[in-house]
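Trainee: Predicted model, plus sequence, below.
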Amino acid sequence: MVSDIINTNELHKVDPVFGQLSFDNHEQVVFCNDKDTGLKAIIGIHNTVLGPALGGTRMWQYNNEWEALNDALRLSRGMTFKAAITGLNLGGGKAVIIGNAKTQKTPALMRKFGEFVNSLSGRYITAEDVGMETADMDIVREVTPYVTGISESKGGAGNPSPITAYGVFMGMKAAAKYKFGSDVLEDKVVYVQGIGHVGEALVAHLSNEGAKVIIADINEERLQAVSKTYGAKIYRGKDIYAEEMDVYAPCALGATINDSSIYKLKAHVIAGAANNQLQDEVKHGALLKDRGIAYAPDFLINAGGIINVYAELEGYGKAEIMRKTENIYNTTLEIFKHSEENNSTTHNAALSIALDRIETRKKEANK
Ligand code: NAD
């Protein structure tokens, strides 16, 4: 399993919540428990300076509660910076539900989760993430207005994944422009790791452009289906990171760029949808830079989904969603330029712009 946190043994040695490595001055962390439905969830509210904390709910069979907590902390922090760099008036939050989405997710559990979200009175607004469908958000909507990503038939903007994939495609093209001098992906070898909601839609864009797409997933059924639909080659090797490729697109879970993978990576560009791709943002960001690998920051290029759900709150339509998502191309190019000019990693370049926006808003509010 790809997990955002690798060494869980270490986690037990530090203080339970505020002492976690992933704790980054989060404003609020809520533990939700309901014996009857079996719900065990953690909601992380990282920062609400720019607006209410918005971020999806992930349902995953974590190895233990530490992993779940750290996922909630890391993911909610990422949402703060994603909203900030995208220019949205939203804070960062995220929820995780501990359990198997295929076997343990029930309408009653989703409704109970919605009640917990509702109890936060809008400080946290949820949406879908891994293990969640639009239909699940429709159930949450029965008990709280603080949910986005609901069906179009119910007044929502629908599944955000295709828009997320389009934004990733835009970010990938910008990274290619920076690295190869052209944003045309035709004939480029692109490995898409994880062909779920976002990964599959990304494969569609890449195939249309004539890229040589290779797909990897732990779900054999999906591999067969996506390969058949788009003519993508299925990866059957043992070590994806050691393969020759132009672009590596992580679209499963986070932390795949870590101590074990980073020295093997032969990709020239990394651009994918997964949140928190760098296990250690500072160390692995710097190593990518040293190795000349153009890394398009995840929280910048996977913002299409949040742009899409934000439309539900702000009431803007599809044309504006597409315009904002397309703009990820320009922002990504700016980040590469900024990182070169300031000799910083692309991750830090994006982070510093996001932090500046939050600080400015804080100062304005305190005037
Ligand atoms: P999903 O659950 O639909 O797809 C994830 C896919 O990854 C599944 O097919 C799963 O089998 C596969 N997978 C899991 N572990 C794997 C492994 N070790 N190797 C290969 N494949 C593996 O999720 P999604 O909605 O497509 O999201 C994908 C990623 O993008 C997640 O990290 C999510 O947080 C991020 N993201 C999604 C959105 C969105 O709009 N859905 C927005 C921003 C970021």
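Mentor: Great, that's in hand.
Trainee: so Ile150 touches Met137, yeah?
Mentor: Yes. When contacts are counted by CB atoms under 8 Å, Ile150 is listed as touching Met137 (4.7 Å). In short, each C-beta sits where N, CA and C put it, glycine included.
Trainee: Pull up the overlap in contacts between these two.
Mentor: Jointly contacting Ile150 and Met137 under the rule CB atoms under 8 Å, 6 or more residues apart in numbering are Gly156.
Trainee: Looking at the two, which one has more neighbours?
Mentor: Neighbour count, other CB atoms under 10 Å: between Ile150 and Met137, Met137 has more, with 27 against 24.
Trainee: give me the element that one is part of.
Mentor: Element membership of Met137, judged by DSSP states H and E, is helix 134-141.
Trainee: For the stretch 101-250 of the chain, what lies in contact range of the ligand?
Mentor: Taking CB under 6 Å from any ligand atom as the contact definition, the stretch 101-250 of the chain meets the ligand at 129-131, 160-161, 164, 193-199, 216-219, 222.
Trainee: Send me the helix holding Met137 as CSV with only the CA atoms.
Mentor: Only the C-alpha atoms of helix 134-141 are listed here, as CSV (Å, rounded to 0.1, in the frame of the first residue of the first chain):
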residue,chain,number,x,y,z
THR,A,134,-20.6,11.9,-5.8
ALA,A,135,-23.5,9.7,-4.5
ASP,A,136,-21.8,9.6,-1.1
MET,A,137,-21.8,13.4,-1.0
ASP,A,138,-25.4,13.4,-1.9
ILE,A,139,-26.1,11.4,1.2
VAL,A,140,-24.0,13.8,3.3
ARG,A,141,-26.1,16.7,1.8
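Trainee: and the residue in the stretch 101-250 of the chain that the ligand sits nearest to, what does it touch?
Mentor: Residue of the stretch 101-250 of the chain nearest the ligand, by CB to the nearest ligand atom: Gly196 (1.7 Å). Neighbouring residues of Gly196 by CB under 8 Å, 6+ apart: Val130, Ser161, Asp217, Arg222, Cys251, Ala252.
Trainee: so for whichever helix or strand comes after the helix holding Met137, what's the average pLDDT?
Mentor: The helix or strand immediately downstream of helix 134-141 is helix 161-180, counting by DSSP H and E. Averaged across helix 161-180, the pLDDT comes to 97.
Trainee: Regarding Cys32, which helix or strand does it belong to?
Mentor: Using DSSP H and E, Cys32 falls within strand 28-34.
Trainee: Gln193 touches Cys251, doesn't it?
Mentor: Yes. Counting by CB under 8 Å, Gln193 touches Cys251, with 6.1 Å between them.
Trainee: list residues touching both of these two?
Mentor: Common neighbours of Gln193 and Cys251 (CB under 8 Å, 6+ apart) are Gly199, Gly272.
Trainee: Near the residue in the stretch 201-350 of the chain positioned nearest to the ligand, how many other residues are there?
Mentor: Minimum separation of the stretch 201-350 of the chain from the ligand (CB to the nearest ligand atom) falls at Gly305, amounting to 3.0 Å. Gly305 has 31 neighbouring residues, counting by other CB under 10 Å.
Trainee: In terms of secondary structure, what does the helix or strand harbouring it contact?
Mentor: Gly305 belongs to helix 304-314 when assigned by DSSP H and E. In terms of contacts (3 or more CB pairs under 8 Å, 6 or more residues apart in numbering; DSSP states H and E), helix 304-314 is packed against strand 53-54, helix 65-86, helix 161-180, helix 318-326.
Trainee: hey, which of those is tucked in deepest?
Mentor: strand 53-54 (a mean of 29; mean count of other CB atoms under 10 Å).
Trainee: Please see if that strand touches the ligand.
Mentor: No. Judged by CB under 6 Å from any ligand atom, strand 53-54 makes no contact with the ligand; its nearest approach is 11.7 Å.
Trainee: Can you give the strand pairings for that strand, parallel or anti for each?
Mentor: Sheet pairing of strand 53-54 (DSSP bridges) gives strand 91-98 (parallel), strand 124-125 (parallel).
Trainee: if we can go back for a sec, what angle sits between the helix holding Gly305 and helix 161-180?
Mentor: 130 degrees (axes from the mean of the first three to the mean of the last three CA atoms, to 10 degrees).
Trainee: Which positions in helix 304-314 come out as buried?
Mentor: Residues of helix 304-314 classed as buried: Gly304, Gly305, Ile306, Ile307, Asn308, Val309, Tyr310, Ala311, Glu312, Leu313 (neighbour count, 16 or more other CB atoms under 10 Å).
Trainee: returning to that earlier point: in helices, which of the residues of the stretch 101-250 of the chain next to the ligand appear?
Mentor: Ser161, Thr164, His197, Val198, Gly199, Arg222 (DSSP state H).
Trainee: Tell me the one of those nearest Gly93?
Mentor: Thr164 (17.4 Å; CB to CB).
Trainee: I'd guessed that closest one sits against Val309; true?
Mentor: No. Using CB under 8 Å, Thr164 is not in contact with Val309, being 10.1 Å away.
Trainee: Which secondary structure state is assigned to the residue nearest the centre of the chain?
Mentor: Central residue of the chain (CA atoms, centre = their mean): Asn275, 3.2 Å from the mean position. Following DSSP: H, G, I helix; E, B strand; the rest coil, we place Asn275 in the coil state.
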